[in-house]
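Q: Here is a sequence with its predicted model. Questions after.
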Amino acid sequence: MARSIMIQGTMSNAGKSLLVGALCRIFHQDGYRVAPFKSQNMALNSFITREGLEMGRAQVMQAEAACTEPSVRMNPILLKPTNDTGSQVIVNGEVRGNMSAREYFAYKKALIPDIMKAYNSLAEENDIIVIEGAGSPAEINLKTDDIVNMGMAKMAKAPVLLVGDIDRGGVFAQLLGTLMLLEEDEKRMVKGTIINKFRGDKTILDPGIVMLEEKSGVPVVGVAPYLHVDIEDEDSLSERMVKKDLAAQIDIAVIRLPRIANFTDFNRLEAIDGVSLRYVHTTGELGNPDLILLPGTKNTMKDLLWMRQNGLEASVLKAHRAGTPVFGICGGYQMLGESISDPQGVEEGGEIRGMGLLPMHTVFAGEKTRTRVEGTLAAPEGIFRGLAGQPVEGYEIHMGVTTWDLPGHEMSHICDAVSGENKTDGGWNEDVYGSYIHGFFDRQEIVHAVISALAEKKGIAFEELGMMDYDAYKQQQYDILAEEMRKHLDMPKIYRILEEGI
């Protein structure tokens, strides 16, 4: 069975996911078979595995860092918030149902067998498991029957490294306060602390480190720098969402919906020199982009009403009339149609009109479409006519069924990898395009065709824009992450902690 080590944090966004990714890469580089694990993840960014099962994208990133195929076993429980007090509960990649926070709190202990089956299966196939916690282990109101922080560490018999975020301030209070609120047996499981996101001269920090070790009795095993690596972020706390870059030669605006999901769909577009990709949530921020993207969302109807109320819908329609192309993915695609109805109350219930840019109607049903697909793009007209014949692949995660009123305007011909069914996806009309496929923009050929078309429209030579091999670029970023962390983490000490266990 594999040895394990666990990364817990003093708070959300302390950098746990990235540190797990770094350790996965380091252990892989050192010749070990390694896998990430997070028993329970709460995120709207999700992924569909080869088997058609749904898991959090953070563990996909970590699996990529470990050079292993993502498996739903790496994230047996995924919570996708549907509102401020409830979530869709996904267990082993399949929807178990919607639950309020209180319902799930009472139910979660029953999921321990699922968690341990997934963990033990990974442990049989790997040398090292790097486990990620969630939020903070010191949330005293949530500690009962914990399954993701100290509860998980005990089940896996994993030594814990506790991470604090110095960039937010108060890192010594974060770390000491967290340790003070742990039970005595839990404190003994914390074998090291890490100060994360440090900027500046470390020698100035050294006296504080000495005092932290004296007061806590736990060694500091690293002071990790604030890294500017281009690696997928776990959730909407991502810096990508708040960047205010000035428009470049090609300016792309993504509508930042309140319940945005899978915004990583657009990472490849923003990795091109000469292209700016901005997330906007007010009419004043929209400006005059060259392309407007409507992303996925966990609640299509509510987010469309939000756009309607704050004026963004009217601004998008106005921009389209002035010649700006619009592209929707998944929930954003559904918004572009004539109507959205929800007879079973899957989201909001009732029916609302869509944006009216595509001749289609969407009806929500209780069964979730959850599959991987691949195929070929059809022959769209308009600005993106160059997409015709390009290969496309990705995954679908949606509740709605969409019917078209305009035959011959499908976006792609695809094969469902799970069912084997041949079908069509998405559609186009008058420089408006839509698809259910997450990962639509992941292929280099498609990115090339889209950016070429936008550049041609503006009279820009495409050679002026810097394209890249994005897959090689991602691997390079993981290597940079590992290289930097090796410099600032005490890896010999971390290996000893791993070997000694608890």
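A: Thanks, I have the structure now.

Q: what about residue 450, which helix or strand?
A: Here residue 450 is covered by helix 444-458, with elements defined by DSSP states H and E.

Q: and that helix, which residues are buried?
A: Of the residues in helix 444-458, 446, 447, 448, 449, 450, 451, 452, 453, 454, 455 count as buried by neighbour count, 16 or more other C-beta atoms under 10 Å. Where C-beta positions appear, they are placed from N, C-alpha and C, glycine not excepted.

Q: Which element is encountered next along the chain beyond it?
A: Along the chain past helix 444-458, the next helix or strand (assigned with DSSP H and E) turns out to be helix 470-488.

Q: for that next one, which positions count as buried?
A: The neighbour-count criterion (16+ other C-beta under 10 Å) identifies 470, 474, 477, 478, 480, 481, 482, 485, 488 as the buried residues of helix 470-488.

Q: Does that helix pack against any helices or strands, and if so which?
A: The contact analysis (3 or more C-beta pairs under 8 Å, 6 or more residues apart in numbering; DSSP states H and E) places helix 470-488 against helix 16-29, helix 57-65, strand 220-225.

Q: neighbouring contacts of that helix?
A: Applying C-beta atoms under 8 Å, 6 or more residues apart in numbering, the external contacts of helix 470-488 come out as 18-19, 21-23, 25-26, 29, 64-65, 222-225, 227, 229-231, 268, 271, 442, 444, 447.

Q: what angle sits between it and helix 16-29?
A: Here helix 470-488 points in a direction 90 degrees away from that of helix 16-29 (axes from the mean of the first three to the mean of the last three C-alpha atoms, to 10 degrees).

Q: Tell me the helix or strand right after helix 470-488.
A: Following helix 470-488 in sequence order, the next helix or strand is helix 491-500 (DSSP H and E).

Q: Which elements pack onto that following helix?
A: Packing partners of helix 491-500 (3+ C-beta pairs under 8 Å, 6+ apart): strand 3-9, strand 190-198, strand 220-225.

Q: Against which helices or strands is the helix or strand of the chain with the lowest mean pLDDT packed?
A: Across the helices and strands of the chain, mean pLDDT, DSSP states H and E gives its lowest value to helix 267-270, namely a mean of 88. Contacts of helix 267-270 with other secondary structure elements, assessed using 3+ C-beta pairs under 8 Å, 6+ apart, are made with strand 275-280, helix 444-458.

Q: As CSV, those with mean pLDDT would be great.
A: What follows is the helices and strands packed on helix 267-270, written out as CSV (pLDDT from 0 to 100):
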stretch, mean pLDDT
strand 275-280, 93
helix 444-458, 93
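
Q: Take those and lay them out in a markdown table including distance to residue 43.
A: Converted to a markdown table, the helices and strands packed on helix 267-270 look like this (distance: least, C-beta to C-beta, whole Å):
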| stretch | distance to residue 43 |
| --- | --- |
| strand 275-280 | 17 |
| helix 444-458 | 25 |
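
Q: With residue 196 as the reference, name the closest of the ones you listed.
A: Proximity of those to residue 196 was assessed by C-beta to C-beta; the nearest stretch is strand 275-280, lying at 24.5 Å.

Q: Now do the closest one against helix 444-458, angle only.
A: Angle, strand 275-280 to helix 444-458, by the same axes, to 10 degrees: 90 degrees.

Q: ok so, going back, render the CA-only coordinates of the least confident helix or strand of the chain in PDB, please.
A: Taking Å, rounded to 0.1, in the frame of the first residue of the first chain, the C-alpha atoms of helix 267-270 are listed here in PDB:
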ATOM      1  CA  ASN A 267      -7.300  29.100 -20.700                       C
ATOM      2  CA  ARG A 268      -5.800  28.400 -24.100                       C
ATOM      3  CA  LEU A 269      -7.200  31.600 -25.600                       C
ATOM      4  CA  GLU A 270      -5.600  33.800 -22.900                       C
END
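
Q: rewinding a little: can you add distance to residue 184 and give the buried residues of helix 444-458 back as CSV?
A: Rendered in CSV, the data for the buried residues of helix 444-458 read as follows (distance: C-beta to C-beta, whole Å):
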residue, distance to residue 184
446, 56
447, 54
448, 59
449, 61
450, 58
451, 58
452, 63
453, 63
454, 61
455, 63
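
Q: what's the closest of those residues to residue 54?
A: Using C-beta to C-beta as the measure, the one of the buried residues of helix 444-458 that approaches residue 54 most closely is residue 446, at 23.6 Å.

Q: Contacts only, for that closest one.
A: Contacts for residue 446 (C-beta under 8 Å, 6+ apart) come out as 377, 387, 390, 392, 440.

Q: That one and residue 331: what is the separation?
A: Using C-beta to C-beta, to the nearest Å, residue 446 is found at 20 Å from residue 331.
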